[in-house]
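J.: Here is a sequence with its predicted model. Questions after.
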Amino acid sequence: MKQIHSKTEAIDEILEALWCMEEKGQDNLDDLTACVGPFFDATILDEMAKSDLVIIDGLKVLMTPSGREQSRKIIRAHRIGETLLHHVFGWDFEKAACEFEHTSSIEMVNGICVLLGHPQYCPHGKAIPQGDCCTKALDNAHSEIHSLLRLQVGDEAKVAYINCADNRTMHKLNGLQLRPGSVIKMSQRYPCYVIECEGAVIALDEEVGENIKVWAATKPEIEEGAVPEQKPVSPKKGIFNHLSEFFAKLAK
Amino acid sequence: MASQKQQANKKVFLIGRPNVGKSSLFTALTGQYAEVANYCMTTTTVKSGDFHHEKICYELIDTPGASDLLSITPDILADLASHKPDVIVQCIDSTCLKQSLAMSNELIQLGLPMVVALTSLDRSSKNGVEIIESEMAAELGVQVIKTNPIKAQGIGMLKAAIQTAQAPSASGMTTPTSFTLMQEKLAAALPNSITAKDCFASLLLRGGSEFSQKVQPFFTPSEWHNIDKDIPKDSRPALLSLQKHSNLWIDDLVACCTRKKIVKRSKILERAAQLSRSPITGPFILLGVIYVMFLLVVHVANALAGFLDERAWVPVAELLASIIPVGFWQDILIGDYGVLSMGIANALLTVLPILSVFFLLYNTLEDIGYIANISVLTKRILGKIGLSGNSLMPMVLAFGCKTMATMTTKTLTTKKERYIAIFIIAFSTPCAAQLGLNLGILGLLGKKALFLVLGLFLISSIFVGLIINYAWRSSEKAPAFIMELPPIRIPDPRMIIRKTHHRILEFLEESFMIFVYAALFLFVLDRFGVLDACKNFLRPVIDGFLGLPLQMVDALILCLARQEAGTAVILNMVRDGALDYRQSIVAVVLVTMFIPCSAHIASMVKAIGSKDSTLMVCTKMLIAINIAGALNWFLHL
């Protein structure tokens, strides 16, 4: 069972529970006590009402806009954390993510989100609230995971996860063995994407491809300290090279 | 006796993913022909046939390909859910083993007697994968038979296995508890009319709203209300864990029943597929293929038809003309609208040779898998005219048979896309028979005419599509496009010959008598002067606007009955010199675009209703006349 260390953590737990209840369509005080568990403290809830995080209306408990904003951050951190641990380390994620959600560093959460290629669902399949980095679509070079569309023809990559809102498409992809862990090879990019996966050749449109996230191609490992071998550059020959050198000299 | 026979009748369902060879297996088991092509969704309707084994009669039912039980058509699902089949035969392509196993798992859970038939073993062993069927059988708990339907190997064993088939002794994979709880709750809410409750509940949970809509008509409103309230709105976490379980189960199964060898794979076929799909080399290969087909139709088919006409028909006609006195009997037999001349000779001596050669070529391309692979090339163009990638299959099928293609459009989910696809299929894609005869006509005119007409078809379909797409604003969102492409393979001459033979037989069965009746019909119209009245009435359009001889009216009327019949009349007119270069081209364009054949109209009515299809056919006729008129004017310049 979770250990609640401080008051802020207790507030966070209640806000998290309220978010999850909202997803299920619940707003009852009893549901909240059940959701938070034995460590539920009514005084903290009262305090939260005073500091304008929640509104208590009879048996109903609702979040205020500022409460919802804070709750959103917690849920985002929790689910990003889960996704990180699940995809990168393969850990049992629940417990560690519970610790992770209390982090106050938005930058760190965003950083991990970028690293993971802006996942939309946590390993349980629950929606991760979007952060600044996702809305701005900062798909920069630091991502270890990116969409399948970035693969070049002939590249092979392992599927990391699939962002997929609709169950039917998810099933269809899974039926074709396009799933986390399977290795795919890009065979064609235009007029539509064609990939090879488990012996089958599959044509996809951009929308589906964008949502299939793969691990960035692994580069050949270089031993520490070893100097990467440099290809000897042969001196360029030919009349056009001489000419271009000549013009380069003239320009100087 | 009859009742005894009925008792012995056992129902066998043939199930499998698209393009795994179900139809070949169907043919091998029953000896009846089922359409086979190297692309997905060839089987669009349920087909059934009988076979006997040790005095028991089995009814084999070939189902349309489905990647899992969720994508099976509602009526088959209803049959499966109510335990109707006695045995299920799952057809598994051994090159794509993993993809089929998810379905095996679902079928095992049905608890019905089941047999697995493995196909494409030669290809999988070329890829270095050896399947050990005894281990697979032990894991699945059902008999696994290696077959090669084309060479009729393993069919006897399969029949024996069907006879002794038992309910699976293994239970498939274990479901995660979170899912089982939901499943049990939902299963309890299902009415007693459904026997495989657990399985059905699992499908309802996994299928989402799309599946719910599909099965809702099977229940009364109150029953459905009961069921619907037990379908959780947020079932994704449970689904994900189910999927993970199933993937692990599949991986384990494949790991223990296959042995891998390192073999040097031939990349030539893969490379060929890539080249034919590539936007740079693809169009050139396509042009080349069309040109080669054109040359063969011109040099082989036309020559054959000409030879037959000269050696077989002309002597007979002359002989008959000398025996039968001029008058009614000569007219009805060998006159302009004679049963022998316009009916039988037309069908057997003009159409049949050209179609045989053309079908042989077309079936070879189909068997290679070329046609589905090039369809990828047109994806972007289709997007511009409001069609998603999902329309690729119906469009490809349209070049085989428009009727079948129109029926497949029901898989398109948005109304707009369905209408555009049906319209373009009706408007400017010639069906195989017509394409063959068109090639025959254009062959008499030269390759410039060929590319002019093909270009015109392409441009006018794109243009029409663009207009509809622009005019019809729709907020419906097309579903994600995911399509499996068939591998390019070395064609099997036996398959091609069998298929060509079947297509020709089909042509003879379906159209031969129509040629005769149509000739009779025209003869009667002519006798009573209706035909001449018609021609005079249409003179301003046919003669003035289109610049065609009035004889074209015959061709247009024949087209209504059967496209080939009308086109054959034009072919004869071109051969006799009744049409010049310009007129021939206008005539080919007009006949292809103008009138759909009666079976095609029926399929349109089925797909979009009589009101909309009437509107569509009228619009298309109007556009076709205008295009042909414009072409006539343009070629005059």
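T.: Thanks, I have the structure now.
J.: drop to CA atoms for contacts and neighbour counts, all remaining ones
T.: Will do.
J.: for stretch A:168-186, the distance to its chain's centre please.
T.: The chain centroid and the centroid of stretch A:168-186 are separated by 18 Å, computed with Cα atoms, centre = their mean, to the nearest Å.
J.: That one: end-to-end distance?
T.: Terminal residues of stretch A:168-186 lie 24 Å apart, using Cα to Cα, to the nearest Å.
J.: Likewise for stretch A:169-183?
T.: Start to finish, the residues bounding stretch A:169-183 are 19 Å apart (Cα to Cα).
J.: Closest approach to chain A from the stretch 1-150 of chain B, which residue is it?
T.: B:Q99 (5.4 Å; Cα to the nearest Cα).
J.: Now for that residue, how many residues are close by?
T.: 25 (other Cα atoms under 10 Å in any protein chain shown).
J.: Pretty sure A:E16 is one of the things A:L32 touches, is it not?
T.: No: here A:L32 lies out of contact with A:E16, judged by Cα atoms under 8 Å, at a distance of 10.2 Å.
J.: And the helix ranked longest in chain A, how far out from the chain middle?
T.: Using DSSP state H to define each element, chain A has its longest helix at helix A:65-84. Relative to its parent chain, helix A:65-84 has a centroid offset of 13 Å by Cα atoms, centre = their mean.
J.: Mind giving me the packing neighbours of it?
T.: When contacts are defined as 3 or more Cα pairs under 8 Å, 6 or more residues apart in numbering or on different chains; DSSP states H and E, helix A:65-84 sits against helix A:7-24, helix A:93-100, helix A:106-115.
J.: got the angle between that helix and helix A:106-115?
T.: 50 degrees (axes from the mean of the first three to the mean of the last three Cα atoms, to 10 degrees).
J.: Flag every buried residue along helix A:65-84.
T.: The neighbour-count check on helix A:65-84 (16 or more other Cα atoms under 10 Å in any protein chain shown) flags A:67-68, A:70-84 as buried.
J.: and A:P228, what pLDDT?
T.: At A:P228 the predicted local distance difference test score is 44.
J.: again with the one 10 residues further on
T.: Model confidence at A:G238, expressed as pLDDT, equals 58.
J.: again, but for A:K219
T.: A:K219 is assigned a pLDDT of 44 by the prediction.
J.: what does B:G436 give?
T.: Looking at B:G436, its pLDDT reads 87.
J.: who has more neighbours, A:L32 and A:E16?
T.: For the pair A:L32 and A:E16, the greater number of neighbours falls to A:E16 (23 against 20), based on other Cα under 10 Å.
J.: dump the residue contacts of the closest residue to that one other than its chain neighbours.
T.: Among residues not flanking A:E16 along the chain, A:S71 sits closest, at 5.7 Å (Cα to Cα, 6 or more residues apart in numbering or on different chains). Contact partners of A:S71, counting by Cα atoms under 8 Å, 6 or more residues apart in numbering or on different chains, are A:D12, A:L15, A:E16, A:W19.
J.: Assess the claim that the second one and A:P65 are in contact.
T.: No: proximity of A:L15 to A:P65 does not meet the contact threshold set by Cα under 8 Å, at 11.9 Å.
J.: Just give the number of residues close to A:P119.
T.: Each residue near A:P119 was counted by other Cα under 10 Å, and the total is 27.
J.: What does the pLDDT read for it?
T.: The per-residue pLDDT reported for A:P119 equals 85.
J.: likewise B:T408?
T.: 77.
J.: B:N105: what's it in contact with?
T.: With contacts defined as Cα under 8 Å, 6+ apart, B:N105 is in contact with B:G172, B:M173.
J.: where does it fall, phi/psi-wise?
T.: According to degrees, to the nearest 10, the main-chain angles of B:N105 amount to phi -60, psi -40.
J.: quick one: it from B:K47, how far?
T.: Computed with Cα to Cα, the distance linking B:N105 and B:K47 is 25 Å.
J.: Also B:I608?
T.: 24 Å.
J.: ok, now B:A426?
T.: Distance from B:A426 to B:K47, by Cα to Cα: 26 Å.
J.: Cheers, nothing more for now.
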